[in-house]
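Need the 3D shape of this:
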Amino acid sequence: MKWLWKTLPWLLVALFATEVTVVMLPKKDGEFHLREFGRLPALLDGRIQPFDSVARNSLLQIRSTGDVPLEEVPSWKFWHHPKKLKATEWLLEVMTRPAQADSRPIFLIHHPDLISELKLQDKGIEKSALRYYTFEEIRPVAQEIMDQGQKASEVEAELRSTYQKQLLKLANAVVLFHRLKNCLQPEDAVDFEKELLGFEKGLATIRAEARAGKAEKDLDKQTLQRVEETFHRIGVMAQSGFILNVPPLDPETSRDHWVATGTSLLDSTRTGEIHPAVRSFARMATAYAQNKPSEFNQAIADFRQWLEPKFAKEVKQGRAEFYYNDVKAFLHATIIYLFAFVLAGGALLSYALSPNLSETLRRSSFYLVILAGTVHTFGLVFRMVLEGRPPVTNLYSSAIFIGWGAMVLGIALEKIYRISIGNAVASVAGFFTLLIAHNLALGGDTMEMLRAVLDTNFWLATHVVVVTLGYASTFVAGLLAVSYILLGLFSPLLARPLVARSAGAASAAGGPKGAPAAGIKVANRLPLTAGKMDIGKALAKMVYGIVCFATLFSFTGTVLGGIWADQSWGRFWGWDPKENGALIIVLWNATILHARWGGLVKERGLMTMAVFGNIVTSFSWFGVNMLGIGLHSYGFMDAAFKWLMAFIASQIFIIALGLVPLPLWASFRSRVAAPNAADARAAKPAPAAT
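Purely as a prediction, here's the structure:
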């Protein structure tokens, strides 16, 4: 079995690495070149992005998912992957086959009072306690939704009830769905390409007759009526359409002046010429609506041929972001982190029972953490390149970066103390922060344009990055402290000696091969003499070192933030909630260090204070944004309030566990009992001499 212990870690890494490699390889298009359409660039929310991003962000805002399931599969059939309608295909369907799109369950309503008010109890599809409705099902109450949504929007954001927030979200989803239907062609179009040709021909006829001196009453009535009808429908498109997919004809003079299809068509009534991009999109819309893949594919190819020479940068940006969306690096990193955590837990549980198994699981977990970290880093750097910004620009990116920083610190700890604690911290921090990021992305575009006060790469690369590293390291110290409390209370692991284990160590000590080697210092292993330190003391050293690191970065980041505020707002400090939160982190970390230096707390006290640091940091990271006040309220995320409260409650519970009397701790029960027994023996009178 020796070969199994050595090869299992590499087999697991090879398995996940193969899966990641397959995901990153180029994929072929189907009958319709939907992927090519998804790569086409458009201007939205102040930035160039592919149609694929437009589709994903729109679907996230409406349904809170990135795709639409086409079949229902019971939750217990986790091995069966249901068929799904991907975001780009869904967007094309909405824009060109609206009747079919109306039958998709995409509107999420989960407030019971709202469902009852709209009389939708017997409709929709329920999945995981959430209800999804088609537009056909909510069409009869669409106007009521809009009217009530308008009233809810008039209430100040911080005063809205949960019902009003859900109602406003639903109203916005209905509006967005309607606007998407009118982006490429009018919602009721049958053959928009043919209609445009007739419109252009009719315009030319009317212009020619007008130049010939004919009065309006003498113009051809049928031609004039057709042109007026099309003009009216184009006007609706111009008002509704919001995807700016038509680039300027002359990029040298107005490269950023992209317009919507409807707006471009209104302009054509003055110039008499329809934009080439509008013609191409009309061809795509008609071909897709009429199920003609070859014509659809040709229209995309012709448009790209026209677009690339003039807008090479925008085409490259669209293709790069499409690849970023398609790879889903953070999703795959999340999955690998989860498996790494399971292996790390197994290594800890088997630490004293089976050295070979424990070391194999530890190495497997370590390699998987490195693989997940590599994928995590790839996604982080790719996103930075796409944005042209440092890694932290909003709450979403801060979650990604905090997880990345915690992962790096966990790997460093594991390299020093090879007991799988570092693996557990890195994997659990990476998993939960990426999970938080995923939920933060449900609001739509995560690469939106920055506010003017934030639009400076220097301060984003200094203040924001440094203070976020302070967040990450404070969380790592807290996670280590949580590990100490849970392991100490429910297992004897903390009292175990910290030993170096390798295949050759035991034989050198004369023991069985693979067993712990007391007193042996193994090359390239732990820089500690076995038996001199137990795992509890090692954890205390880890927490102390990380808190020192966190104090330095939190303090430096806060000072840099004050300098930035002085340059942007004209004052170094204004007692803004976000500023106060950052200061509280610095003060709390400094308090931990002083309490430790002054002997006010020992190991358990240090750990409970570090766990409370999780509460302080979570409040500074999320809580102050939920207040909706101050100059830093641009990250307002009220939807996360219940999860923040749940997290704080869990940390308070863990602190309570940390205060349980030491005799009740599984790791220290024997240590407490031994002195008591010795005292009892000392108090017992000596036998009389004979």
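
Count the neighbours of residue 109 for me.
22 (other Cβ atoms under 10 Å). C-beta here means a position set from N, CA and C on the backbone, and glycine is covered the same way.

That one touches residue 163, doesn't it?
No - counting by Cβ atoms under 8 Å, residue 109 does not reach residue 163; the two are 11.2 Å apart.

so where does residue 142 fall, helix or strand?
helix 142-153 (DSSP states H and E).

Need the CA coordinates for whichever helix or strand comes after that helix. PDB is fine.
Using DSSP H and E, the helix or strand that follows helix 142-153 towards the C-terminus is helix 162-181. Coordinates of the C-alpha atoms in helix 162-181 are reproduced here as PDB (Å, rounded to 0.1, in the frame of the first residue of the first chain):
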ATOM      1  CA  THR A 162     -39.000  43.800   2.600                       C
ATOM      2  CA  TYR A 163     -42.300  43.600   0.600                       C
ATOM      3  CA  GLN A 164     -41.500  46.900  -1.100                       C
ATOM      4  CA  LYS A 165     -38.000  45.900  -1.900                       C
ATOM      5  CA  GLN A 166     -39.200  42.600  -3.500                       C
ATOM      6  CA  LEU A 167     -42.000  44.500  -5.400                       C
ATOM      7  CA  LEU A 168     -39.500  47.100  -6.700                       C
ATOM      8  CA  LYS A 169     -37.100  44.300  -7.800                       C
ATOM      9  CA  LEU A 170     -40.000  42.500  -9.700                       C
ATOM     10  CA  ALA A 171     -41.100  45.800 -11.300                       C
ATOM     11  CA  ASN A 172     -37.500  46.500 -12.500                       C
ATOM     12  CA  ALA A 173     -37.300  42.900 -13.900                       C
ATOM     13  CA  VAL A 174     -40.500  43.400 -15.900                       C
ATOM     14  CA  VAL A 175     -39.100  46.700 -17.300                       C
ATOM     15  CA  LEU A 176     -35.800  45.100 -18.200                       C
ATOM     16  CA  PHE A 177     -37.500  42.200 -19.900                       C
ATOM     17  CA  HIS A 178     -39.600  44.600 -22.000                       C
ATOM     18  CA  ARG A 179     -36.500  46.700 -22.900                       C
ATOM     19  CA  LEU A 180     -34.600  43.600 -24.000                       C
ATOM     20  CA  LYS A 181     -37.400  42.600 -26.400                       C
END
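
which other residues reach helix 162-181?
58, 61-62, 91, 94-95, 98, 101, 106-111, 113-114, 135, 138, 142, 145-146, 148-150, 152-153, 155, 160, 187, 240-243, 638-639 (Cβ atoms under 8 Å, 6 or more residues apart in numbering).

can you check stretch 112-130 too?
Applying Cβ under 8 Å, 6+ apart, the set of residues contacting stretch 112-130 is 72, 75, 105, 108-110, 131-134, 137-138, 141, 144-145, 163, 166-167, 170.

hmm, back to that, in the helix holding residue 142, what's buried?
142, 145, 148-149, 152 (16 or more other Cβ atoms under 10 Å).

how about low-confidence regions in the stretch 151-300 of the chain?
209-220 (pLDDT under 70).

Now do the helices in it.
162-181, 192-211, 221-240, 251-254, 261-271, 276-289, 293-307 (DSSP state H, counting those that start in this stretch).

chain center to the second one: distance?
This means helix 192-211. 49 Å (Cα atoms, centre = their mean, to the nearest Å).

lowest-pLDDT helix or strand in the protein?
helix 503-509 (a mean of 38; mean pLDDT, DSSP states H and E).

So which bits of the helix or strand following that one are buried?
Next helix or strand after helix 503-509 toward the C-terminus (DSSP H and E): helix 535-569. Within helix 535-569, the residues scored as buried using 16+ other Cβ under 10 Å are 535-536, 538-562, 564-565.

before we move on, what about stretch 612-629?
Residues 612-626 are the ones in stretch 612-629 that count as buried (16+ other Cβ under 10 Å).

returning to that earlier point: could you work out the most separated pair of the buried residues of helix 142-153?
Within these, two members stand farthest from each other by Cβ to Cβ: 142 and 152, at 15.4 Å.

helix or strand right after whatever helix or strand residue 52 lives in?
Applying DSSP H and E as the criterion places residue 52 in helix 51-63. Note on helix 51-63: by DSSP H and E, the next helix or strand toward the C-terminus is strand 67-69.

Which strands and helices lie in contact with that following strand?
strand 84-86, helix 87-96 (3 or more Cβ pairs under 8 Å, 6 or more residues apart in numbering; DSSP states H and E).

Out of these, indicate the one that is most buried.
Of all those, helix 87-96 carries the top mean neighbour count, a mean of 24, counting by mean count of other Cβ atoms under 10 Å.

Next up, the contacts around residue 403.
Applying Cβ under 8 Å, 6+ apart to residue 403 gives the contacts 376, 429-430, 432-434, 437, 472.

Pick the one among the residues you listed closest to residue 342.
Distances from residue 342 to the contacts of residue 403, taken by Cβ to Cβ, are shortest for residue 430, at 13.4 Å.

The closest one - that's part of a helix, no?
Yes - counting by DSSP: H, G, I helix; E, B strand; the rest coil, residue 430 is located in a helix.

Residue 601: neighbour count?
15.

Could you look up the SS state of it?
Per three-state DSSP, residue 601 ends up coil.

Check the gap between the closest residue in space to it that isn't next to it in sequence and residue 605 for me.
Of all residues not flanking residue 601 in the chain, residue 595 sits nearest, at 4.7 Å (Cβ to Cβ, 6 or more residues apart in numbering). Going from residue 595 to residue 605 by Cβ to Cβ, to the nearest Å gives 7 Å.

cool, residue 178 as well?
60 Å.

returning to what we had before: can you give the distance of the helix holding residue 52 from its chain's centre?
14 Å.

Among the buried residues of helix 142-153, which one sits closest to residue 571?
Out of those, the member with the shortest distance to residue 571 (by Cβ to Cβ) is residue 152, at 35.9 Å.

Below-threshold pLDDT in the stretch 351-500 of the chain: ranges please.
449-457, 499-500.

how about the helices in it?
So, for the stretch 351-500 of the chain - with DSSP H, counting those that start in this stretch - the helices run 355-387, 395-416, 421-440, 457-459, 465-490.

In a markdown table, list the ones you listed along with distance to residue 7.
Output for these, formatted as a markdown table (distance: least, Cβ to Cβ, whole Å):
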| stretch | distance to residue 7 |
| --- | --- |
| helix 355-387 | 9 |
| helix 395-416 | 21 |
| helix 421-440 | 19 |
| helix 457-459 | 46 |
| helix 465-490 | 29 |
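
the inter-axis angle of the host helix or strand of residue 318 versus helix 355-387?
Secondary structure from DSSP H and E places residue 318 in helix 312-327. Counting by axes from the mean of the first three to the mean of the last three Cα atoms, to 10 degrees, helix 312-327 lies at 150 degrees to helix 355-387.

From the contact counts, what lies against helix 312-327?
helix 34-39, strand 41-44, strand 47-50, helix 51-63, helix 293-307, helix 355-387.

from what I can see residue 536 touches residue 492, true?
No - using Cβ under 8 Å, residue 536 makes no contact with residue 492, being 10.6 Å away.

which residues do these two both contact?
Both residue 536 and residue 492 are contacted by residue 667, under the criterion Cβ under 8 Å, 6+ apart.

Name the residues that touch stretch 186-193?
98, 178, 181, 184-185, 195, 233-234, 236-237, 279, 282-283, 285-286, 289-290.

Narrow these to those that are buried.
98, 178, 181, 184-185, 195, 233-234, 237, 279, 282-283, 285-286, 289.

Next up, the contacts around the residue lying closest to residue 622 once chain neighbours are set aside.
Once flanking residues are discounted, residue 622 sits nearest to residue 644: 5.3 Å by Cβ to Cβ, 6+ apart. Residues in contact with residue 644 (Cβ under 8 Å, 6+ apart) are 618-619, 622-623, 626.
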